[in-house]
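S.K.: quick one, fold the following:
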Amino acid sequence: RIEELESELAIVKDTVLRKAAELENVRKRVQKERFQLREQVKAEAMQDFLPLNDDLLRTLDASKDSAVDENFLAGVEMVSNKFAEILAKHGIEKIDDTGVPFDVNLHDALLRQPAEDDKTPSDTVLQVLERGYRMGEKVIKHAKVIVSQ
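M.R.: Numbering: from 1, shown residues only. Model prediction:
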């Protein structure tokens, strides 16, 4: 009778340990899924604001060649800088490098053209027409680029 009870106790202990391990695995999976969902929602929300940032940067670039009120320009620069701080706070980085190899994971090639010099290898980003953005390893907007032939 004692051996039978000890055997039954061992089975119950094993079952409890397995259920505890299973519960721990479920807890970790739910925590991971919640984190991924939060990151996805953050990326989607930021995608809505990225065109605004691009417009601010284009405004600043265009104002360099024209006569614009200095106070207005200073205000636009302040807003643009604040926007850059918010993007950095959320881990969002620009994809706007030229002279780098074309990467289908980061870039959308809109045009292929010959490079200005013969030293530039084929499939090199010559010009960024529209900035891309990534959050960590996830690209949330591909850069639109011109690539060398």
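S.K.: just the helices from the protein, written as ranges.
M.R.: For the chain, the helices defined by DSSP state H occupy 2-63, 70-89.
S.K.: how close does the nearest residue to residue 84 once chain neighbours are set aside sit to residue 136?
M.R.: Using C-beta to C-beta, 6 or more residues apart in numbering and skipping the chain neighbours, the partner closest in space to residue 84 is residue 53 (7.6 Å). Backbone N, C-alpha and C define where each C-beta goes, glycine included. Distance, residue 53 to residue 136, by C-beta to C-beta, to the nearest Å: 18 Å.
S.K.: of those two, who's got more company?
M.R.: A direct count of neighbours by other C-beta atoms under 10 Å for residue 53 and residue 136 places residue 53 higher, at 20 against 11.
S.K.: dump the residue contacts of that one.
M.R.: Contact analysis of residue 53 by C-beta atoms under 8 Å, 6 or more residues apart in numbering lists 80, 83-84, 87.
S.K.: do the same with residue 91
M.R.: Here residue 91 is in contact with 135-136 (C-beta under 8 Å, 6+ apart).
S.K.: how far away is it from residue 143?
M.R.: Look at residue 91 and residue 143: by C-beta to C-beta, they are 18 Å apart.
S.K.: pLDDT wise, what is residue 45 at?
M.R.: Here the pLDDT value assigned to residue 45 is 87.
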